[in-house]
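Undergrad: Could you work out the structure for the sequence below:
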Amino acid sequence: QMGRWNRNNDAQRGTLDVNDSDSQMGPGLSRRALIKYSASGVAVAMGGVVLSACGSSGSKSSSNGSGGSTGTTKTDTKAGGTLTAAEKQTLLEMAGPSNKSFTGKGLTWKIGGAFPFSGPYQYYETIEADGLRLAAQHIPQLGGPTIDLNLQDFGSNSGVDTQKAVDASLNFHDAGNGISISGIQGALGALIPGAEKYKILNLDAGAGVGTFAGKDYYWAMRANYPMNNVTVALDYAKKTQPSARKAVVVYNSGAAYAPVLNACVAATKAAGFTVTGTTTQPIGTTDWSDAYTSIQSQNPDVIVLVINGNDCAYFLKQFATSGLKQPVYTFSYSAPQQKLAGAGFENVYVVQEDFLPATPTNEWQKIFTKYYRQEYKDQPAGPSSPFNISANYYNVGFVLWELASRVLAKKGNVNDGAALQAALEENPTFPSIYAGSGTTPAKITFDKTSHGLASCPLAVMQIKSQEPKLLAVANAKGSSGAGPLKVM
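TA: Numbers count the residues shown, from 1 in each chain. As a prediction, this is how the structure comes out:
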């Protein structure tokens, strides 16, 4: 058993923290400072993303999210419900290791995870980490290893505290975690230098690879959000609204968000639309009246709404009384947002991964939805629950299991990040919970150069009576492309 220790809690700090994490790596430069400096360097190279999004530096407060708490926890394999024999067979067939001789049964596997347990992004800890928790509960029931999750917080009042993310990397290294799961682009890049230095394979199931393409040990398991989504949305708009050729892009303000905003503007132009302008507001905005005024003056044909979470919900909550009539395309939809926005989501178009909980296309989706709703009853019920990202974090647990199986087949160590990355590079294709049919899953494939997904199934939906209705499907490709759109 590896030692357990939460770096963000002063009461638990010991000689390991004093003598190792702050030990001198060179003339006057500690290990923590070195990684923090490297993370800042990534930010500068990538347009200032990390530095601009920093919260308080060196915070030592421990915090809990609605889905759980930070620190290492032993997984209760029955907490997510006991799978039936038929469900076990289905999951093994659709998502289990390709080599059933190496399942890791009897092993205890320690996996790191970094999520925002505090601040305005805390909502994402719930929907992301809960998907991972459910996978950790189900995999041992299928004959896999017992999974202990070491979850760390990078949240802050401004969204992301990159020093907490740096501390999380150090925690994973000290705990012997060879793999970690993250979100928000590896906490805006701050987890990446530690992953590279200590050879910790980091999989981000909540974001596209974005500006961190090709970073060693960092891999992103979504479509290149939101650029792929913009492409699919506007392709659908052109097919169903032929006269539409002008679009406004709405996003968060500030230097931290500029790279994504600029990329979405470029994708909008590449789709054949004139960009009338951009409308931005700070993260956490609840009154979007200024944005409505700006959009009214631009008179676009289509509104491309890139904002996420509560920001998106508040924008739509007031949209019905704004006087604006243009169709809205957004890429962020979940039960908590639906509850907050209410009727504001009515008739809004949503482009995200091909997963509609109320109308599953394959048996894997059915099993996931059943047990997620059963386990996490505190989340708003409804046809949009669980969220598509929750499904992706459940999916990533099975991707990890496949990688561990490949490493075990070569008599390797499942806590060896280099061996796990080599297994991914050797065969970058895995079953996907999205799309698919019956007991036949679709596939996702990582691009070995960019470390993002080379392809990913996306869907165009429209919200009707608080339920998403499928309109079209497409396959996201590359940094901002998409395969042929199939209108249903």
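Undergrad: State the number of residues packed around G206.
TA: Residues near G206, counting by other Cβ atoms under 10 Å, number 24. Placement of C-beta: from N, CA and C, glycine included.
Undergrad: residues in contact with it?
TA: G206 makes contact with 124, 128, 182-184, 222, 389, 392-393 under the criterion Cβ atoms under 8 Å, 6 or more residues apart in numbering.
Undergrad: can we see that at 10 Å?
TA: Going by Cβ atoms under 10 Å, 6 or more residues apart in numbering, G206 touches 115, 124, 127-128, 131, 181-186, 220-222, 225, 389-390, 392-393, 396.
Undergrad: Now, these that are in strands?
TA: 115, 181-182, 220 (DSSP state E).
Undergrad: Between these, identify the one with the most neighbours.
TA: Within those, F115 tops the neighbour count with 32 neighbours, counted by other Cβ under 10 Å.
Undergrad: distance between the ends of stretch 477-488?
TA: Taking Cα to Cα, to the nearest Å, stretch 477-488 runs 20 Å from one end to the other.
Undergrad: Stretch 210-217 now?
TA: 15 Å.
Undergrad: where does the stretch 51-200 of the chain have low pLDDT?
TA: 51-79 (pLDDT under 70).
Undergrad: where exactly do the strands run in it?
TA: 64-65, 68-69, 71-74, 108-115, 146-153, 155-156, 159-160, 179-182 (DSSP state E, counting those that start in this stretch).
Undergrad: Name the stretch among these that sits most buried.
TA: Of those, the one with the most neighbours on average (mean count of other Cβ atoms under 10 Å) is strand 179-182, at a mean of 28.
Undergrad: Adjacent strands (with direction) for that strand?
TA: Strand pairing for strand 179-182, determined by DSSP bridges: strand 108-115 (parallel), strand 201-204 (parallel).
Undergrad: gap between the first one and the chain center?
TA: Okay, so that is strand 108-115. 15 Å (Cα atoms, centre = their mean, to the nearest Å).
Undergrad: residue nearest the centroid of this structure?
TA: In the chain, the C-alpha closest to the average C-alpha coordinate belongs to G206, at a distance of 0.7 Å (Cα atoms, centre = their mean).
Undergrad: Spatially, what comes nearest to that residue if we skip its sequence neighbours?
TA: Nearest residue to G206, sequence neighbours excluded (Cβ to Cβ, 6 or more residues apart in numbering): G183, at 3.5 Å.
Undergrad: burial of the one you found, as a residue count?
TA: With other Cβ under 10 Å as criterion, G183 counts 28.
Undergrad: A207 is in contact with that one, correct?
TA: Yes. With contacts counted by Cβ atoms under 10 Å, G183 reaches A207, the gap being 6.5 Å.
Undergrad: Give me the distance between the two termini of stretch 122-135.
TA: Start-to-end, stretch 122-135 (Cα to Cα) is 20 Å.
Undergrad: Please work out how many residues are found near the residue nearest to D416 when sequence neighbours are not counted.
TA: Of all residues not flanking D416 in the chain, G178 sits nearest, at 5.2 Å (Cβ to Cβ, 6+ apart). For G178, the neighbour count with other Cβ under 10 Å is 25.
Undergrad: and V351, that one's in a strand?
TA: Yes. Secondary structure of V351 (DSSP: H, G, I helix; E, B strand; the rest coil): part of a strand.
Undergrad: can you start the count at 535 instead of 1 from here on
TA: That works, and once the first residue is 535, the last one we named lands at V885.
Undergrad: my guess is it meets V766, correct?
TA: Yes. Counting by Cβ under 10 Å, a contact exists between V885 and V766, whose distance comes to 5.1 Å.
Undergrad: Which residues are in contact with the residue nearest to G740?
TA: 647-650, 655, 658-659, 661-663, 688, 694, 725, 738-741, 754, 756, 923, 926-927 are the contacts of G717 under Cβ under 10 Å, 6+ apart.
Undergrad: just to revisit the earlier point, mind putting the ones in strands among the contacts of G740 into TSV with distance to L839?
TA: Shown next, in TSV, are the ones in strands among the contacts of G740 (distance: Cβ to Cβ, whole Å):
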residue	distance to L839
F649	25
I715	28
S716	25
A754	22
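Undergrad: now the end-to-end length of stretch 883-895.
TA: 20 Å.
Undergrad: Check the secondary structure at V783 for me.
TA: From three-state DSSP, the assignment for V783 is strand.
Undergrad: Please verify my assumption that it contacts T813.
TA: Yes. With contact defined as Cβ under 10 Å, V783 reaches T813; the gap is 7.5 Å.
Undergrad: Next, show the common contact partners of the two.
TA: Contacts common to V783 and T813, judged by Cβ under 10 Å, 6+ apart, are 834, 837, 839.
Undergrad: quick one: which of the residues you listed is most hemmed in?
TA: Counting by other Cβ under 10 Å, top hit in the shared contacts of V783 and T813: L839 with 27 neighbours.
Undergrad: how close does that residue get to E880?
TA: 14 Å (Cβ to Cβ, to the nearest Å).
Undergrad: For the stretch 635-784 of the chain, which segments are assigned as helices?
TA: With helices called from DSSP state H, counting those that start in this stretch, the stretch 635-784 of the chain shows them at 656-658, 664-672, 696-709, 718-722, 726-732, 761-774.
Undergrad: Centre of the chain to the third one, how far?
TA: For helix 696-709, the distance between its averaged C-alpha position and the chain's averaged C-alpha position is 19 Å (Cα atoms, centre = their mean).
Undergrad: ok so, going back, which of V885 and V766 has more neighbours?
TA: V885 (31 against 27).
Undergrad: In the protein, where's the longest helix?
TA: Across the chain, the helix with the greatest residue count (assigned by DSSP state H) is helix 922-943.
Undergrad: What's the first helix or strand after that helix?
TA: Note on helix 922-943: by DSSP states H and E, the next helix or strand toward the C-terminus is helix 951-960.
Undergrad: in that following helix, what's buried?
TA: Using 16 or more other Cβ atoms under 10 Å as the test for burial, helix 951-960 gives 951, 953-958.
Undergrad: Rounded mean pLDDT for that helix, please.
TA: Mean pLDDT, computed over helix 951-960, is 98.
Undergrad: Stretch 802-817 now?
TA: 96.
Undergrad: got the buried residues for that stretch?
TA: Residues of stretch 802-817 classed as buried: 802, 805, 807, 809-810, 812-815, 817 (neighbour count, 16+ other Cβ under 10 Å).
Undergrad: now swap in stretch 731-749 and tell me
TA: So for stretch 731-749, counting by 16+ other Cβ under 10 Å, buried means 731-747, 749.
Undergrad: okay, how far is it across that stretch, tip to tip?
TA: With Cα to Cα, one end of stretch 731-749 sits 12 Å from the other.
Undergrad: got it, and stretch 810-822?
TA: For stretch 810-822, the first-to-last residue distance is 18 Å (Cα to Cα).
Undergrad: I figured A953 hits R940, correct?
TA: Yes. Using Cβ under 10 Å, A953 is in contact with R940, at 8.7 Å.
Undergrad: Count the neighbours of T963 for me.
TA: 12.
Undergrad: Which of the buried residues of stretch 802-817 sits closest to D981?
TA: A805 (21.7 Å; Cβ to Cβ).
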